[in-house]
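1. with the sequence up front, the predicted model follows.
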Amino acid sequence: MTRVTREGGLVLSLRRVLGAPRAVVFRALTEPRELARWWGPDGFTIPSVESDPRPGGTYRIAMRPPEGSVFHLAGEFLDVDPPELLRYTFRWEEPDPEDRETVVTLSLRDLGGASAEVVLTQGDFATERRRALHEQGWTEGFGKLERLLAPA
């Protein structure tokens, strides 16, 4: 969990080792049914996911907080190289005044056996407050993904 400043911008960087083969992790990052099982901060539900993971394809995720109304995020896939790389734009459809579109890069590395490392970068954020909000969301979401993929 590192905050990186690049050319005056704020970038989020996270690294997580997951107990599943890289291809299984990649599926969990791209398939709507799998995304709905782990996406978002703790307590959030995902009523719907639309995803067309190919360069130029789009996605849209509906999120519902524990108390509150559904809101949406969407974007376009820029690079899709299974099972190694996903890169896509990320924008809130009902943005906060401090929000702007960012780019998410997810790189997956095979660690051998049933283990893979995911490295996430996202940025550039307009404010530290928004970067920190995304850090919390990704950290909690990756925690759910880790539990979901843990060997039985």
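-> That came through, no problem.

2. C-alpha from now on. contacts and neighbour counts both.
-> Noted.

3. which residue, other than its chain neighbours, is closest to Leu29?
-> Leaving aside its sequence neighbours, Leu29 sits nearest to Leu35 (C-alpha to C-alpha, 6 or more residues apart in numbering; 6.1 Å).

4. burial count for that neighbour?
-> 21 (other C-alpha atoms under 10 Å).

5. before we move on, what about Glu140?
-> Neighbours of Glu140 using other C-alpha under 10 Å come to 18.

6. and the helix or strand where it lies, how far from the chain's centre?
-> Assigned by DSSP states H and E, Glu140 falls within helix 128-149. In terms of C-alpha atoms, centre = their mean, to the nearest Å, the centre of helix 128-149 is set 8 Å apart from its chain centre.

7. how far away is the residue nearest to Leu29 from Val11?
-> Using C-alpha to C-alpha, to the nearest Å, one gets 23 Å for the distance from Leu35 to Val11.

8. rewinding a little: what's the separation between the residue nearest to Leu29 and Arg100?
-> In terms of C-alpha to C-alpha, Leu35 sits 23 Å off from Arg100.

9. can you tell me what sits against the strand or helix carrying Thr89?
-> Counting by DSSP H and E, the element that carries Thr89 is strand 85-92. By C-alpha atoms under 8 Å, 6 or more residues apart in numbering, the residues outside strand 85-92 that reach it are 72-80, 99-108.

10. got it, and stretch 111-130?
-> Here stretch 111-130 has contacts from 9-22, 25, 98-100, 102-110, 131, using C-alpha under 8 Å, 6+ apart.
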